[in-house]
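K.L.:
the following block contains a protein sequence and its predicted model.
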Amino acid sequence: MNFDLENVRPFLEQVNRNLSLGLDINKLVEFTESLEVGDEKRLEFSVQYNGQTLGMIYQVYMDDIDAPDIYFFVETEELETALQSEMVAFTKSLGL
């Protein structure tokens, strides 16, 4: 999903709050803000979801100034579906 940089933190906070993943929001936001246009990087870490420890990859492609594309790669279809639902809810909350 493509974001305005200012919406990355609110989105990650919503995901963390609604899915109780235990994300390190500050680390993810700092990582995202550190990319230059054209950079693509990823972080790999574990999250807690429904009583399980699962691997997650957080990948960012900075395709334009202050407009990162953010991708989540996860181990279960259940978590993938939950993340997609959070993306839809977030865009609706912004009126997009």
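P.N.:
Happy to help now that I have it. Numbering: from 1, shown residues only.
K.L.:
mind listing what's buried in the helix or strand containing Val8?
P.N.:
Element membership of Val8 [criterion: DSSP states H and E] is helix 8-19. Within helix 8-19, the residues that qualify as buried by neighbour count (16 or more other C-beta atoms under 10 Å) are 8-9, 11-12, 14-16, 19. Bear in mind the C-beta positions are built from the backbone N, C-alpha and C, glycine included.
K.L.:
what segments of the protein are helices?
P.N.:
All helices of the chain, identified by DSSP state H, fall at 8-19, 25-33, 77-93.
K.L.:
just the buried residues of helix 8-19 now: which is nearest Phe90?
P.N.:
Phe11 (5.1 Å; C-beta to C-beta).
K.L.:
tell me, how many residues neighbour the closest residue to the closest one other than its chain neighbours?
P.N.:
Nearest residue to Phe11, sequence neighbours excluded (C-beta to C-beta, 6 or more residues apart in numbering): Phe90, at 5.1 Å. Using other C-beta atoms under 10 Å, Phe90 has 19 neighbouring residues.
K.L.:
so Phe90 makes contact with Gln14?
P.N.:
Yes: when contacts are counted by C-beta atoms under 8 Å, Phe90 is listed as touching Gln14 (5.9 Å).
K.L.:
follow-up on the earlier one: and the helix holding Val8, what other elements does it pack with?
P.N.:
If you count contacts as 3 or more C-beta pairs under 8 Å, 6 or more residues apart in numbering; DSSP states H and E, helix 8-19 packs onto helix 25-33, strand 68-74, helix 77-93.
K.L.:
now with 7 Å, please.
P.N.:
Secondary structure elements in contact with helix 8-19, counted by 3 or more C-beta pairs under 7 Å, 6 or more residues apart in numbering; DSSP states H and E, are helix 25-33, helix 77-93.
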